[in-house]
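*Asks:* Sequence first, then the predicted structure, then my questions.
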Amino acid sequence: MIRLHILANNDSILEQEIKLKVRNALLPYLNTITQTASSKKEALHLLREQCNLLTSVANETLSLLGANYNASVSISNLYFPIRIYGSQTYLSKDAVIFCTLSAFPFSAVAADKERLCTA
């Protein structure tokens, strides 16, 4: 399982809507990139190769929405609480596509040394 986690610029209603629009813009690319992978390891490799593209998609979406900040995208192993959405269970240490929407990007390096990609 590979999780997509998008951290909004802040908790305002507008920023949460922007976060969802960035997510919606990224999902088709993520599906296209990973659909040919035969394993999680291969999917992560393909995603790592396309980090710049994912960052560009997020930034183009932010620009179209009039946001005055950029996104940073990384693929890491980060610890998050176990989540259950319908029939899907996301474990506490799944690989994560981490997209930060902020003028002050989060550095996942401090959170986990197993960083796979930074854009």
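*Replies:* Looks like it came in fine.

*Asks:* pull the helix or strand with minimum mean pLDDT from the protein.
*Replies:* Least confident element among the helices and strands of the chain, by mean pLDDT, DSSP states H and E: helix 108-111 (a mean of 38).

*Asks:* same question for stretch 82-92, mean pLDDT?
*Replies:* Mean pLDDT, stretch 82-92: 78.

*Asks:* Just the buried positions in the longest helix seen in the chain, please.
*Replies:* Across the chain, the longest stretch assigned as helix under DSSP state H is helix 13-34. Going by neighbour count (16 or more other CB atoms under 10 Å), the buried part of helix 13-34 is 15, 18, 19, 22, 23, 25, 26, 29, 30, 33, 34. Placement of C-beta: from N, CA and C, glycine included.

*Asks:* ditto for stretch 60-72
*Replies:* Under the neighbour-count criterion of 16+ other CB under 10 Å, stretch 60-72 has 61, 62, 67, 71, 72 buried.

*Asks:* quick one: the strands in this structure?
*Replies:* Counting by DSSP state E, the chain has these strands, from start to end: 2-7, 70-77, 83-85, 88-90, 95-102, 117-118.

*Asks:* Just send these back as JSON lines, with distance to residue 55 too.
*Replies:* Formatted as JSON lines, these follow (distance: least, CB to CB, whole Å):
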{"stretch": "strand 2-7", "distance to residue 55": "13"}
{"stretch": "strand 70-77", "distance to residue 55": "5"}
{"stretch": "strand 83-85", "distance to residue 55": "25"}
{"stretch": "strand 88-90", "distance to residue 55": "23"}
{"stretch": "strand 95-102", "distance to residue 55": "8"}
{"stretch": "strand 117-118", "distance to residue 55": "10"}
